[in-house]
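A.B. asks: A structural model of the following input is requested.
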Amino acid sequence: MSFYLSLTPYYDAIFPTNEKALSFIASQFKKGASLLDAGAGTGNMAVSLAKQGFQLTAMEPEGVMAEQIRSKAESGHLPIAVTTKTMQQLDELEGSFDGIYCIGNTLVHLHDEQEIRSFFKQVFQKLNNGGRLIFQIVNYDKVLKSRDFTFPVMEKDSFTFMREYELDGDHILFTTSISQNGSTIKNTIPLYPATSKRLLSLLQDCGFKTVSMYGNFESKEYSSLQ
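C.D. replies: Modelled structure (predicted):
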């Protein structure tokens, strides 16, 4: 069973729409803008933005999650296009976008700097004039410096969700555990802990002229210590 397939039944309870992220993304574009959600999960953010009048394409390679997005779009009568292309297949999509966003630490599922560079290049080519890329990841500057790999345990009504990080060479092993009714589902996936300095360099190399970094979705000044 794939990493995210095992999470799918619990995904909406663990990762509901982040209202601050929703407000931030919506504020960056004119209503009616065409947006691409890269790594859409079960589509909560895409659905929320579509309800506000944006034109959404949700890109989610996990087939079961993609089907959930389609189901949500149909039940809400929302014109969300859904594709199971990966971030490395962005250039295979038709058309271009006013904005592309990639949130929830999704970017670092790419294997290394070369794959991140390739993604940034494809994004740059897919954006309309004046278009924007928004992405959100864990503050790996802080994580790598402090070696603090702890996350709070999420206690839900019917299950417990735990996350662990373990440094493994150039990668971090991300392990999730879901405990329910005395049984536990545990899965691990490698993440590439990209730092702000390297990401800034990659963005500039790929043609992005103006780059802003924030510490949260309320535009707090970014700090490698927070």
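A.B. asks: so where's this protein uncertain?
C.D. replies: Under the criterion pLDDT under 70, the flagged ranges of the chain are 1, 226.
A.B. asks: can we see that at 50?
C.D. replies: 1 (pLDDT under 50).
A.B. asks: ok, which stretches of it are strands?
C.D. replies: 34-38, 55-59, 81-83, 97-102, 127-135, 154-155, 160-168, 171-180, 183-191 (DSSP state E).
A.B. asks: run through the neighbouring helices and strands of the first one.
C.D. replies: Using 3 or more C-beta pairs under 8 Å, 6 or more residues apart in numbering; DSSP states H and E as the contact criterion, the secondary-structure elements in contact with strand 34-38 are helix 44-51, strand 55-59, strand 97-102, helix 113-126. No exception for glycine: its C-beta is placed from N, CA and C like everyone else's.
A.B. asks: report the central residue of this protein.
C.D. replies: Taking C-alpha atoms, centre = their mean, the centroid of the chain lies closest to residue 103, which sits 3.0 Å from it.
A.B. asks: report the contact partners of the closest residue to it other than its chain neighbours.
C.D. replies: The shortest distance from residue 103 to any non-neighbouring residue, by C-beta to C-beta, 6 or more residues apart in numbering, is to residue 136 (4.2 Å). Contacts for residue 136 (C-beta atoms under 8 Å, 6 or more residues apart in numbering) come out as 21, 102-105, 217.
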